[in-house]
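Trainee: Sequence and predicted structure below; questions after.
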Amino acid sequence: MKTFRLVSLMVLHQDEQPSRIEEIPLIDGLIINQEDGENSWIVEAFIEKSYKSIFEKAKQNDTKLNLQVTISKKSNDPASLMGEVKIIKDMDNSVSVLLEGNLVPSRLNMAEIVLTDLIQQGLQGEGLLAEFKNRLQEKKKPIQS
């Protein structure tokens, strides 16, 4: 097994119309490659309590979440993971969410995901271009500790 720092976690809400991407701000997180030949990964994310309901709903409905996870550096491309919520634990000022899932081949690269999200938000023309450049630039910034 190999353990990495989780630097970004996004949930793709494809069940909503229009579908949207929600970035979950991390207090801290790690991701473990189980190296089992099945592309199985374990994710532990420490998040603000206000985001707990996203994971509770998935656990109650026994549905997998379509996640985009970025490891080690924000400038790395995110990987797609279909994850199942295993444990949600309240901490003093945060929530620990444990997910288990498998990497899936990404049909969309990050630029396509960002562009699709912006178009669904109704942006167009110069506004679309400016926000698209801004979001892609944000992904390339080094993480600050």
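Mentor: Alright, I've got the coordinates. Numbering: from 1, shown residues only.

Trainee: Show me what secondary structure element comes after the helix or strand of the chain with the lowest mean pLDDT.
Mentor: Of all helical and strand segments in the chain, the minimum by mean pLDDT, DSSP states H and E falls on helix 110-120, at a mean of 78. Using DSSP states H and E, the helix or strand that follows helix 110-120 towards the C-terminus is helix 125-140.

Trainee: Check the offset of that following helix from the chain's centre.
Mentor: Taking CA atoms, centre = their mean, to the nearest Å, one finds helix 125-140 lying 19 Å from the centre of the chain it belongs to.

Trainee: Other residues contacting that helix?
Mentor: By CB atoms under 8 Å, 6 or more residues apart in numbering, the list of residues contacting helix 125-140 from outside reads 74-75, 110-111, 114-115, 118-119, 123. Bear in mind the C-beta positions are built from the backbone N, C-alpha and C, glycine included.

Trainee: What residues of stretch 35-51 count as buried?
Mentor: 40-47, 51 (16 or more other CB atoms under 10 Å).

Trainee: Turn these into CSV, including pLDDT, distance to Asn93 and secondary structure.
Mentor: Output for these, formatted as CSV (pLDDT from 0 to 100; distance: CB to CB, whole Å; DSSP: H, G, I helix; E, B strand; the rest coil):
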residue, pLDDT, distance to Asn93, secondary structure
Ser40, 93, 30, strand
Trp41, 96, 26, strand
Ile42, 97, 23, strand
Val43, 97, 20, strand
Glu44, 97, 16, strand
Ala45, 97, 15, strand
Phe46, 97, 10, strand
Ile47, 97, 11, strand
Tyr51, 96, 13, helix
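
Trainee: what about the chain, any weak spots by pLDDT?
Mentor: Scanning the chain for pLDDT under 70 picks out 16-19, 106-110, 138-145.

Trainee: Make CSV from the contacts of helix 125-140 and add neighbour count and distance to Asn61 to it.
Mentor: What follows is the contacts of helix 125-140, written out as CSV (neighbours: other CB atoms under 10 Å; distance: CB to CB, whole Å):
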residue, neighbour count, distance to Asn61
Lys74, 15, 31
Ser75, 12, 34
Met110, 17, 27
Ala111, 13, 31
Val114, 19, 27
Leu115, 18, 29
Leu118, 19, 28
Ile119, 13, 28
Leu123, 16, 31
